[in-house]
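Engineer: how would this look folded up:
(chains A and B)
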There are 2 protein chains.
Amino acid sequence: MSHPTKTSASTLSEFQIIERYFAPLASQVALGLKDDAACFTPPPGHDLIVSKDVLVADRHFFADDAAADIAFKALSVNVSDLAAKGATPQHYLLGLVLPKEFAGHHWLKGFAYGLESAQKTYGIHLVGGDTVATEGPLCISITAIGYAVEGAMIKRSEAKAGDDIYVSGTLGDAAFGLQAIKTGQGQTVEFSKRYHRPTARPELGKALQGIASAAADVSDGLLADARHICQASGIGARLFQAKLPLSEAGVKALEKDATLWPLVFSGGDDYEIVFMADPSNAAAVKKISQTLGLQITKIGVAIPGSAVELVDCTDKLVQVAGEGFEHF
Amino acid sequence: MSHPTKTSASTLSEFQIIERYFAPLASQVALGLKDDAACFTPPPGHDLIVSKDVLVADRHFFADDAAADIAFKALSVNVSDLAAKGATPQHYLLGLVLPKEFAGHHWLKGFAYGLESAQKTYGIHLVGGDTVATEGPLCISITAIGYAVEGAMIKRSEAKAGDDIYVSGTLGDAAFGLQAIKTGQGQTVEFSKRYHRPTARPELGKALQGIASAAADVSDGLLADARHICQASGIGARLFQAKLPLSEAGVKALEKDATLWPLVFSGGDDYEIVFMADPSNAAAVKKISQTLGLQITKIGVAIPGSAVELVDCTDKLVQVAGEGFEHF
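Structural biologist: Below is the predicted model:
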């Protein structure tokens, strides 16, 4: 394309970057990343589930985070969307908008290593993409592609009043980690890991097919993502603060400083799955939790109307200032 | 996700942008852009062809270009990759990294209008994406998805020595247009249109299935893209300068200033298709040209070796300084 710029000695060309760092990550269907497009076919009887999330430096991660962490997180964030739909991750395309100072061996080696780690974690492979230089911040645009049995995708729109509301894992840890980075206080290994290396839950999503009536991943914050389900399903939700699952480190942090509570329900970056299910599926949900060795906690109920309420242990509504991450 | 920022009065939120401008562009499989992912299935007997190109302001377009032109070009560039593979465009996902000053009604209305025009031109629909704010330049990351009959994708890698080399349309016009913007001289309606509103060639790509041995779209420049085919196929190419197809405006520009010639073979942004075909397919290529009402010109031959040569009418090699667009 147009607007040529000069290549400096320490900066790699797009083709060098692809050949050295990205081609080794590519699956067969990517034709060695040497063609204009990837070519593949889902297995018979399967739908394609496709999602796209863009991450921008100093909005979704810090530019000076370890390159491997940035890559792992970018892929996790995208796999998390597929996971919430019950899809098995398969392929991804990577759009990398790269400031010149990142286009050297050191950063790219770390970035490719992080992608490789995430690929192994999720069983996903690179099938294509584009790398362009920028004068602006690092941006990572990933399109993730998964397969789900035909018609089995878990939507946001099919929950109904009376359904139980569950969430996987623990909430708030990533937000505590971010807060600790900002304030320079209260960092723990657990918080830092959850913030820098979040893990998506594709096994859970897959297991929830036919069990969950609706699901979303917790990326914007529990209340915001629960609201997304409620709006799509035409229902409300009552969530109980006392039931929100916390890590040991989270409990300690909140004992020290109760003003951190909003990070639990509005902090975001959890990459857990919030889902709703008919009460008759309670035993099935419990079994999934046992089989996967993954904590799944009932945190509320779907109610008629459209309000998303958070109530404390005295049955009072918790006053929520901001509800989650807004991109503008 | 994390790092909340405040929303100013004149700036739309991500959800407002989606609801007002992007949801109307979405196809059924996108679930109204209200879910985390799109869900679709290619028709039986078809492969998915998937490509991704990222465009960055002031590298691939100018930030103050008309919003509708920016959108149309971004989609054309991506459809062009599918076209060169013989795929029929179907779906796309849009990753928009948007500076705050663009996140108002005026720009977004124009941008959505440009997307709509391109959707109608190519029969493609929006199925998902992500919009995030940035302090940096506008970036547009599109993943385009097409269908091709199983196994019929035209690769870069299957040309052989002795094949004829063809290109569609005319070359250099977009590069002349860019040059005219930079110098303030020599702009014509034709050049400007080719630079700001390039048109991809999906009908040609589809018609070339089973006829072309290899193909690529001319985005980086004729020589660079011909070299991509040659490298993937393990051959060389001899191209004839005198045969390169020019528009009337292009002929006039070169008569005035012969130093502009390199823009014809290295300028890029043409979004024509360069392809190779066995000489026995010459009549079939001619028929495709007639059927589509599209100029297709034989510009050279594939040769053994790996050199990509451009020869003038006295059989001398043309000296080529830079070969095409390098992204760093």
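
Engineer: surely A:Ile70 is within a helix?
Structural biologist: Yes. Judged by DSSP: H, G, I helix; E, B strand; the rest coil, A:Ile70 forms part of a helix.

Engineer: OK, contacts around the residue nearest to it when sequence neighbours are not counted?
Structural biologist: Nearest residue to A:Ile70 in three dimensions, chain neighbours excluded: A:Phe61, at 5.3 Å (C-beta to C-beta, 6 or more residues apart in numbering or on different chains). C-betas here are computed from N, CA, C, even on glycine. By C-beta atoms under 8 Å, 6 or more residues apart in numbering or on different chains, the residues touching A:Phe61 are A:Leu55, A:Asp69, A:Ile70, A:Lys73, A:Ala74, A:His196.

Engineer: these two touch, right, the last one and A:Lys73?
Structural biologist: Yes. Under the contact definition of C-beta atoms under 8 Å, A:His196 touches A:Lys73, with a separation of 6.6 Å.

Engineer: quick one, strands of chain A?
Structural biologist: Assigned by DSSP state E, chain A shows strands spanning A:38-40, A:46-56, A:88-99, A:125-134, A:139-149, A:164-168, A:212-217, A:236-240, A:273-277, A:296-303, A:308-311.

Engineer: nearest to B:Ala215, of the ones you listed?
Structural biologist: B:Ala215 lies closest to strand A:38-40 among those, at 13.6 Å (C-beta to C-beta).

Engineer: tell me the spacing between the closest residue to chain B within the stretch 51-200 of chain A and A:Phe102.
Structural biologist: Across the stretch 51-200 of chain A, the shortest distance to chain B (C-beta to the nearest C-beta) belongs to A:Gly136, at 2.2 Å. Using C-beta to C-beta, to the nearest Å, one obtains 12 Å as the distance from A:Gly136 to A:Phe102.

Engineer: A:Leu75 too?
Structural biologist: Per C-beta to C-beta, A:Leu75 is found 17 Å from A:Phe102.

Engineer: the two: which has the busier surroundings?
Structural biologist: More neighbours surround A:Leu75 than the other of A:Leu75 and A:Phe102, with 28 against 20 (other C-beta atoms under 10 Å in any protein chain shown).

Engineer: contacting residues around the residue nearest to the more buried one when sequence neighbours are not counted?
Structural biologist: Computed as C-beta to C-beta, 6+ apart, the closest residue to A:Leu75 that is not its neighbour in sequence is A:Ala118, at 3.8 Å. Shown here is A:Ala118, whose contacts under the criterion C-beta under 8 Å, 6+ apart are A:Ala71, A:Phe72, A:Leu75, A:Ser76, A:Val79, A:Ile124.

Engineer: going by distance to B:His46, which of those wins?
Structural biologist: Distance to B:His46, by C-beta to C-beta, is smallest for A:Ile124 among those, at 22.6 Å.

Engineer: and that closest one, how many neighbours?
Structural biologist: 25.

Engineer: my guess is it contacts A:Ala144. True?
Structural biologist: Yes. Assessed by C-beta under 8 Å, A:Ile124 is found in contact with A:Ala144 at 7.1 Å.

Engineer: who touches both of the two?
Structural biologist: A:Leu75, A:Val79, A:Pro89, A:His91, A:Tyr92.

Engineer: residues contacting the first one?
Structural biologist: This means A:Leu75. A:Tyr92, A:Gly114, A:Leu115, A:Ala118, A:Gln119, A:Tyr122, A:Ile124, A:Ile142, A:Ala144.

Engineer: now with 7 Å, please.
Structural biologist: A:Tyr92, A:Leu115, A:Ala118, A:Ile142 (C-beta atoms under 7 Å, 6 or more residues apart in numbering or on different chains).

Engineer: let me have these in TSV, extended by distance to A:Ala283 and pLDDT.
Structural biologist: As requested, these are exported to TSV (distance: C-beta to C-beta, whole Å; pLDDT from 0 to 100):
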residue	distance to A:Ala283	pLDDT
A:Tyr92	35	96
A:Leu115	39	97
A:Ala118	33	97
A:Ile142	37	97
